[in-house]
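In: starting from these lines, generate the structure:
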Amino acid sequence: MLKKIIACLCVATGLLLMGCKKDDQIKSVIKDLDAFTTELVQKIETGGVDEGQKFMDSKKAEIKAKMDSIKDIRDFQVSDETKKFMTDSLTKDVTAVMTLQIKYVSKSVADPTFKSKLEKLISDYRELLTMA
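Out: Here you go, the predicted model:
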């Protein structure tokens, strides 16, 4: 009986440790997304929407693959600290990209081509974050 209890405790401990290992994977992906988002916004602000779209197109598959790598991770496999880190980072990243619409509202109103390019870029960004 004692051997069964010890075996169960070992299995439970192993499962807990396996769950925590997902924290590093998630943090790595989110840090990559943060860096990508920062560079994307900088490209748009310094080089325009076309430069931003080129950058998006060049990194889209890579970022999507990284996001897909964490989509099947379950809640119990992640610590509360990592959940908060992920939520805060994703909120910051989405806000940075969505703020571009506000920043360039007058240019979008005056230039329908610019508006459609910006909307496409933002739509492409949203697709990266969709874990379906």
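In: now residue 122. Nearest residue, chain neighbours left out?
Out: Excluding the flanking residues, the one nearest residue 122 by Cβ to Cβ, 6 or more residues apart in numbering is residue 97, at 6.1 Å. Every residue, glycine included, has its C-beta placed from N, CA and C.
In: and the contacts of the helix or strand hosting the one you found?
Out: Following DSSP states H and E, one finds residue 97 within helix 80-103. Applying Cβ atoms under 8 Å, 6 or more residues apart in numbering, the contact partners of helix 80-103 are 22-23, 26-27, 30-31, 33-34, 37-38, 40-41, 44, 75, 78, 108, 118, 122, 125, 129.
In: residue 68 and residue 128, how far apart?
Out: 10 Å (Cβ to Cβ, to the nearest Å).
In: so where's the protein shaky on pLDDT?
Out: Within the chain, the stretches falling below the threshold (pLDDT under 70) are 1-20, 131-132.
In: that older thread, between residue 68 and residue 128, which has more neighbouring residues?
Out: Shown here are residue 68 and residue 128; by other Cβ atoms under 10 Å, residue 128 has more neighbours (21 against 13).
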